[in-house]
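Visitor: mind looking at a prediction? Sequence and model below.
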Amino acid sequence: MCCIGLDAFIGGGKPLSPGVSLGWLIVDFLDFLIILISSIYGVWSLPVGGVALRIIGLVFVLLGFSIMLAGMLEFRSVRMVLGLEQSKLITTGIYKWSRNPQFLGWFLMNIGVALIGLSGYALLMALLIIASCHYYIVRLEEPYLERVFGDRYLEYELITPRYMGICRRGD
């Protein structure tokens, strides 16, 4: 596995420490702040623009927020959302269609804000954040979840798309 040191960082199957959890929140806030400020000031304006692109951006923001909120509500615990409490494997609600609805919602919101601001720099930053989050999900989080939840997670992984799609199960 590629996860040398991950157990020490994530807690070896235990909840995250408040410091690590706070660190993730700060990084997410700063990422979004960079995209928001770049969009407000139109840094590296996109060569195409107009009302249509801004409407698409608004739809992405609203859809992303809804998807992210649905994923967070399915946990039914702010402490579990923040990783401060041992979680169980959630496979209900939006998690029937996405193993990572909170990431998907975050991705859509970042892209949407960049499109609303017609900022090429914000869009580039959003895409770089998405790529780094995808790397984290594939190389760190999924192997971690396999170790913590075992065969239940492997079965879930086989039938539920990583980001969004039609569930491959009969129910």
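Guide: Structure received.
Visitor: check the offset of the lengthiest helix in the chain from the chain's centre.
Guide: Longest helix of the chain, by residue count under DSSP state H: helix 51-75. Relative to its chain's centre, helix 51-75 lies at 12 Å (CA atoms, centre = their mean, to the nearest Å).
Visitor: and what of stretch 20-39?
Guide: Centroid displacement of stretch 20-39 relative to its chain, using CA atoms, centre = their mean, is 13 Å.
Visitor: what does stretch 37-50 give?
Guide: On the basis of CA atoms, centre = their mean, stretch 37-50 is displaced by 24 Å from the centre of the chain it belongs to.
Visitor: okay, and the helix or strand of the protein with the least pLDDT?
Guide: helix 6 (a mean of 45; mean pLDDT, DSSP states H and E).
Visitor: buried stuff in the helix or strand that comes right after that helix?
Guide: Towards the C-terminus, the helix or strand next in line after helix 6, according to DSSP states H and E, is helix 18-40. By neighbour count on 16 or more other CB atoms under 10 Å, the buried set for helix 18-40 is 20-21, 31-32, 34-36, 38-39. C-beta: built from backbone N, CA, C; applies to glycine.
Visitor: ditto for stretch 65-84
Guide: 67-68, 70-72, 74-75, 80-84.
Visitor: where does the protein dip in pLDDT?
Guide: By pLDDT under 70, the low-scoring segments of the chain are 1-13, 167-171.
Visitor: report the contact partners of the closest residue to residue 39 other than its chain neighbours.
Guide: Nearest residue to residue 39, sequence neighbours excluded (CB to CB, 6 or more residues apart in numbering): residue 117, at 2.4 Å. For residue 117, the contact set (CB atoms under 8 Å, 6 or more residues apart in numbering) comprises 36, 38-42, 57.
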